[in-house]
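> just to be clear, the model below is a prediction. Sequence and coordinates:
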There are 2 protein chains.
Amino acid sequence: MFSIGELSKRTGVKIPTIRYYEQKGLIDEPERSAGNQRRYTKAGLNQLSFIRHSRDLGFTIDDIKGLLELSRHPEKPCHDAHSIAVRHLHDVQDRITKLRRLERELKRISKCDSGYVAECAVIEALADHEICIGEH
Amino acid sequence: MFSIGELSKRTGVKIPTIRYYEQKGLIDEPERSAGNQRRYTKAGLNQLSFIRHSRDLGFTIDDIKGLLELSRHPEKPCHDAHSIAVRHLHDVQDRITKLRRLERELKRISKCDSGYVAECAVIEALADHEICIGEH
DNA sequence: CTTGAAGCTATAGCTGCTAGAGGGATTATA
DNA sequence: TATAATCCCTCTAGCAGCTATAGCTTCAAG
């Protein structure tokens, strides 16, 4: 049995965040001590690790709810888990593409060798979308 | 003189968002019609275009406040604008790196050829951080 | 048995918007 | 000029995913 502080240390999830997950129905409500403090088991630890890991990978709370639900039913077909992961992969790839375009634009913009705002390429580029390389 | 709807159409910024920017002190309060409706000038349009473009490039509201402030003082040296842009560039590059790692991980994870949750690589990988390729 | 750390609930705040209610203003047409 | 359609107004609340604070209670070590 761990306290919430113990759980926090072991998973790297902050205490208020754990309580937030509980409130959102992401983790099961743990048992309580005589004095109403949360007491977690190994199962709770595993669940939270799963969540932590999934959040690190950028899955939303709702995605994770779905994944957790699935993991509770090992006998079910797994194409749902699959499609959540694939959808998320596409999402990530999309974000990468967009950020790359941005990177190019920012690199161009920040190559300003004027000393004053009046001729600064940064300000100019922001004021005038027309002079951008591609769209974003 | 444009109405807020006109301004919205011309800049692609939604009406409530324009009002939100005003409230946040990002744009100047425009004049009002006799019936208390906002009336914008060309200057307001330019300002909002600047903001729109900057937001598209991922600058925060605070960044933009700084940039706008600078653009109002063309006689000042521009290294501040510069450092805002460069900082943001680093930020973007950082995010790209992280997302690339994620992409690799998700690609690996979503190559699941089992049919059931019990042996599904997605679920398994999420439950057990140890089997990840790198850190994230 | 005391004391200090850790936990409790409830509420509010953060960013960057978006949506809705319940009204008033403007404008185009009849 | 009347009226209907469309626009705009303010105010409030909500979204994700937390984080912080206040004011209190409980736990564990000495």
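Cool, the structure landed.
> is stretch A:115-131 anywhere near DNA strand C?
No - using C-beta under 7 Å from any atom of the strand, stretch A:115-131 never reaches DNA strand C; the gap is at least 14.3 Å. For the C-beta atoms, the positions are set from N, CA and C on the backbone; glycine is no exception.
> so what touches that stretch?
A:105, A:108-112, A:114, A:132, B:46, B:49-50, B:52-54, B:57, B:67, B:70-71, B:73-79, B:81-82, B:84-85 (C-beta atoms under 8 Å, 6 or more residues apart in numbering or on different chains).
> now with 6 Å?
A:109, A:112, A:114, B:50, B:53-54, B:70-71, B:74, B:76-78, B:81, B:85 (C-beta atoms under 6 Å, 6 or more residues apart in numbering or on different chains).
> care to break chain A down by domain?
Using automatic domain parsing, the domain ranges for chain A come out as A:4-59, A:80-131.
> ends of the longest one, what's the gap?
By that I understand domain A:4-59. 23 Å (C-alpha to C-alpha, to the nearest Å).
> that one: how far from the chain's middle?
Distance of domain A:4-59 from the chain centroid (C-alpha atoms, centre = their mean, to the nearest Å) equals 16 Å.
> and the domains of chain A, which one averages the lowest pLDDT?
Lowest mean pLDDT within those: domain A:80-131, at a mean of 81.
> hang on, the earlier thing: which of the contacts of stretch A:115-131 fall in helices?
A:109, B:50, B:53-54, B:70-71, B:81, B:85 (DSSP state H).
> out of the contacts of stretch A:115-131, which are buried?
For those, a burial check counting by 16 or more other C-beta atoms under 10 Å in any protein chain shown picks out A:109, A:112, B:50, B:53-54, B:70-71, B:76, B:78, B:81, B:85.
> if we can go back for a sec, ranking the domains of chain A by burial, who's on top?
domain A:80-131 (a mean of 17; mean count of other C-beta atoms under 10 Å in any protein chain shown).
> do that domain and DNA strand D come into contact?
No - figure legend: domain A:80-131 not in contact with DNA strand D (C-beta under 7 Å from any atom of the strand); closest approach 11.2 Å.
> need the three-state assignment for the spatially most central residue of chain A.
The centre of chain A sits closest to A:Gly58, judged by C-alpha atoms, centre = their mean, with a distance of 3.3 Å. Three-state call for A:Gly58 (DSSP: H, G, I helix; E, B strand; the rest coil): coil.
> and chain A, which of its residues are near DNA strand C?
A:3-6, A:8, A:15-16, A:19, A:36-38.
> at 10 Å what do you get?
A:2-9, A:15-16, A:18-20, A:22-23, A:29-30, A:32-33, A:35-40 (C-beta under 10 Å from any atom of the strand).
> show only the entries of those found in strands.
Using DSSP state E, the subset of those located in strands is A:32, A:38-39.
> could I get those residues as JSON lines with distance to chain B?
Formatted as JSON lines, these follow (distance: C-beta to the nearest C-beta, whole Å):
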{"residue": "A:Arg32", "distance to chain B": "26"}
{"residue": "A:Arg38", "distance to chain B": "22"}
{"residue": "A:Arg39", "distance to chain B": "22"}
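> now, among these, which is nearest to DNA strand C?
A:Arg38 (3.2 Å; C-beta to the nearest atom of the strand).
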